[in-house]
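Trainee: Predicted model and sequence below, questions to follow.
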Amino acid sequence: MKICAEAEVDLLDQSLLLLPEKAIYWQQEKALIAADVHLGKSGHFRKAGIAIPQNIAQEDLAVLSDLILQYHPEKLIFLGDLFHSELNTDWDWFAMWREQFPHLKIILVKGNHDIINDEYYHKLNIETPIEYQIGPFLMLHHPLTPAQLLQAEGYVMCGHIHPGVRLHGKGRQALTLPCFTFSEKQAILPSFGRFTGKVAIRHHQDDHVYGVLGDRVIKV
């Protein structure tokens with residue numbers, strides 16, 4: 001396996017940097033792409049009386065800020081589930097964060113958890129399409145089935161399932177890592193948010209899989 005801080009993937013004549021922060025920087029479009037941030041999830045649980053640390057959303061936003069300052073993207077594309085549920089106190093942190101980057105174009109491809117009225121996003125100058133076609137890519141939230149991929153106009157990038165890859169060591173040792181998965185016509189991104197899980201998925205033999213191990217990206 002090859003280990004590096006970030007992994008570069010050349011796909012359809014486009015250069016994609018897979019970042020250990022579980023996002024992609026698309027160099028030609030100067031676009032930062034992330035899936036399943038799930039802001040507000042900790043606030044949702046706190047509202048239900050479950051003790052969850054209050055700073056999780058702030059830490060995820062801080063990571064986004066660091067990536068923006070490092071790569072200077074012109075666009076930020078969220079592949080769904082940006083905000084986990086209804087409005088709560090985490091929204092205020094998100095609104096204040098947005099004010100720091102007023103010239104950054106932000107597109108939220110809406111996911112199943114994005115139930116907040118579009119009006120709130122539009123007030124923050126955030127677009128909210130169901131799908132977003134850009135260059136050779138079709139940005140979605142849900143992965144498409146093989147039959148749907150045959151009809152798709154563009155190579156699909158999506159999230160939703162929080163993919164993981166299970167690695168086995170000597171004996172019975174095993175570790176499940178968040179991963180980027182590239183198949184022939186579709187890429188599935190890992191969940192960006194800290195307060196999210198990961199599910200080891202079945203990969204096909206010809207898939208290209210990149211696991212995230214701390215501050216490194218591992219091609220497996």
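Mentor: Nice, I can see it.
Trainee: How about the contacts made by Leu87?
Mentor: Gly40, Ile116, Tyr120 (Cβ atoms under 8 Å, 6 or more residues apart in numbering). The way it works is simple: take the backbone N, C-alpha and C, and place the C-beta from them, glycine included.
Trainee: So which of the residues you listed wins on neighbours?
Mentor: In terms of neighbours by other Cβ atoms under 10 Å, the contacts of Leu87 top out with Gly40 at 27 neighbours.
Trainee: Identify the residues contacting the longest helix belonging to the chain?
Mentor: Longest helix of the chain, by residue count under DSSP state H: helix 56-71. Residues outside helix 56-71 that contact it (Cβ under 8 Å, 6+ apart): 19, 21, 23, 25, 30, 32, 34, 37, 39-43, 73, 76, 90, 93-94, 97, 100-101, 104, 192-195.
Trainee: Point out where this protein drops to low pLDDT.
Mentor: The chain contains residues with pLDDT under 70 at 1-4, 41-55, 84, 168-174, 195-202.
Trainee: Show me what the lengthiest strand in it is packed up against.
Mentor: Identified as the longest strand of the chain according to DSSP state E is strand 174-182. Packing partners of strand 174-182 (3 or more Cβ pairs under 8 Å, 6 or more residues apart in numbering; DSSP states H and E): strand 163-168, strand 186-188, strand 208-213.
Trainee: Please spell out which residues along that strand are buried.
Mentor: Neighbour counts using 16 or more other Cβ atoms under 10 Å place Leu177, Pro178, Cys179, Phe180, Thr181, Phe182 of strand 174-182 among the buried residues.
Trainee: mind listing what the first one touches?
Mentor: Residues counted as contacts of Leu177 (Cβ under 8 Å, 6+ apart) are Gly164, Val165, Leu167, Lys198, Gly211, Val212, Leu213, Ile218.
Trainee: Tell me which two of those residues sit farthest apart.
Mentor: Lys198 and Ile218 (14.4 Å; Cβ to Cβ).
Trainee: check contacts around the residue nearest to the spatial centre of the chain.
Mentor: Compute the mean C-alpha point of the chain, and by Cα atoms, centre = their mean the closest residue is Ala35, 2.0 Å away. Ala35 is in contact with Phe78, Leu79, Gly80, Asp81, His141, Cys158, Gly159, His160, Leu189, Pro190, Ser191, Phe192, counting by Cβ under 8 Å, 6+ apart.
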